[in-house]
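Chemist: got a sequence here, can you build the structure:
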Amino acid sequence: MSRFKLVVSEAFRSIGSNISTSFAATMTVLIGMFLLGLLIALGSWVVSWSDHVKEQLQVKVFFVEDVTGKQVNSVGAFLRSDDRIKDYQFISRTEALQRMKRRYPELTANLPTNPLPDSYEITPKHAEEVKQLSTAIRAQKFAGVERVKDGQQTSKRILQVARVIEVVFLVAVFILLIASVLLIANTIRLSIFARRREVEVMKLVGATNWFIRWPFVIEGMIVGFFGGLLAVLVLAVVKTTFVDPLSDRFALLAAPDTIDFPLLVVLLMLACIAVSALGSGITLRRFLRV
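Modeler: Just a heads-up that it's a prediction; the model follows:
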């Protein structure tokens, strides 16, 4: 316990004696973690949006005009038995026309008859299985089925965009974390360089590497904590001032599955402390070779 108190007191002493360097490191953490927080929030919203769009991908089975109830039921029996299907719904001609009137009243104003067929709307459990599901239904060659539509081109583009978004998000987070470590390490290096003679003397009189390293690591964790705390405060101001009012006004921004702000705060604080401690430890290795 006495050694731990000594290490912590040495860390605070170092921060107090190197105010300018500590302030620069804190600002570096603030900027890096603020950008990381924005990236995580934006990335989670984009992934949530892409998941929402993928959930809209459906397979539609259209029947001929004189289809019988038995033919419709045979298709329904097949749909019930397929484990890849999350949900399916029978849409009658009347209901399809009512939908069209609500969406496109100008196109249905003077229709003499109902041109729309009966159909099934099928939602797969996984959007990636849209093509396989439509192929399986076509292979059954059901009597009374006019065509099976899966929006192949649209679904292909949506799935490709979703995959690209997820990869770009993960790569961007990784790059920003690496950049934060390097920036913090370079900033803390100024403090360590100013005390390199002290480190060399401690090393020469027999101090272990970890006894020398721990004060700098704890110093980095303290700086990272306060830098992260400032980044969280700035993000909270941005959220309250800009994001929340826009979410109330535009439903598209209020994605239901975006990351919760408390969880984002926890992740950022852990990232700040870990990145700062890692940056301090990496920087000090060079000065321990005496």
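Chemist: can you tell me what sits against the helix or strand encompassing residue 94?
Modeler: With elements taken from DSSP states H and E, the one containing residue 94 is helix 93-103. The set of residues external to helix 93-103 that reach it, using C-beta atoms under 8 Å, 6 or more residues apart in numbering, is 91, 107, 108, 111, 114, 116, 117, 118, 119. C-beta coordinates here come from the backbone N, C-alpha and C atoms, glycine included.
Chemist: so how far is residue 51 from the spatially most central residue of the chain?
Modeler: When C-alpha atoms, centre = their mean is applied to the chain, the residue found nearest the centroid is residue 44 (2.8 Å). Distance of residue 44 to residue 51, given as C-beta to C-beta, to the nearest Å: 10 Å.
Chemist: in the protein, which helix or strand is least confident?
Modeler: helix 244-249 (a mean of 65; mean pLDDT, DSSP states H and E).
Chemist: for the next helix or strand after it, list every residue counted as buried.
Modeler: Following helix 244-249 in sequence order, the next helix or strand is helix 261-285 (DSSP H and E). By neighbour count with 16 or more other C-beta atoms under 10 Å, helix 261-285 contains the buried residues 261, 264-265, 268-269, 271-273, 275-284.
Chemist: try stretch 36-45
Modeler: Counting neighbours by 16+ other C-beta under 10 Å, stretch 36-45 gives 36, 37, 40, 41, 43, 44, 45 as buried.
Chemist: can you put the residues you listed in TSV and add pLDDT and secondary structure?
Modeler: Putting the buried residues of stretch 36-45 into TSV (pLDDT from 0 to 100; DSSP: H, G, I helix; E, B strand; the rest coil) gives the following:
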residue	pLDDT	secondary structure
36	82	helix
37	83	helix
40	81	helix
41	80	helix
43	76	helix
44	77	helix
45	77	helix
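Chemist: name the residues of the next helix or strand after the helix holding residue 94 that are buried.
Modeler: Note on helix 93-103: by DSSP H and E, the next helix or strand toward the C-terminus is strand 119-124. Within strand 119-124, the residues scored as buried using 16+ other C-beta under 10 Å are 119, 120, 122, 123, 124.
Chemist: what's near enough to touch residue 47?
Modeler: 162, 165, 166, 169.
Chemist: show me those that map onto helices.
Modeler: Using DSSP state H, the subset of the contacts of residue 47 located in helices is 162, 165, 166, 169.
Chemist: and these, which of them are buried?
Modeler: Of these, these count as buried by 16+ other C-beta under 10 Å: 162, 169.
Chemist: nearest to residue 69 among the ones in helices among the contacts of residue 47?
Modeler: Residue 69 has its nearest neighbour among those in residue 162, at 38.5 Å by C-beta to C-beta.
Chemist: go ahead and confirm that closest one touches residue 50.
Modeler: Yes. Residue 162 lies in contact with residue 50 (C-beta atoms under 8 Å); the separation is 4.0 Å.
Chemist: just to revisit the earlier point, least confident of the contacts of residue 47?
Modeler: Across those, the bottom pLDDT score, 71, is held by residue 162.
Chemist: what's near enough to touch that one?
Modeler: 47, 50, 51, 53, 54, 127.
Chemist: now the fifth one: how far from residue 165?
Modeler: Okay, so that is residue 54. The separation that residue 54 has from residue 165, given C-beta to C-beta, amounts to 11 Å.
Chemist: let's have the contacts of residue 47 in TSV, adding distance to residue 199.
Modeler: Formatted as TSV, the contacts of residue 47 follow (distance: C-beta to C-beta, whole Å):
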residue	distance to residue 199
162	50
165	46
166	44
169	40
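Chemist: can you list the domains in the chain?
Modeler: 2-53+158-288, 58-150 (automatic domain parsing).
Chemist: out of those domains, which gets the lowest mean score?
Modeler: domain 2-53+158-288 (a mean of 76).
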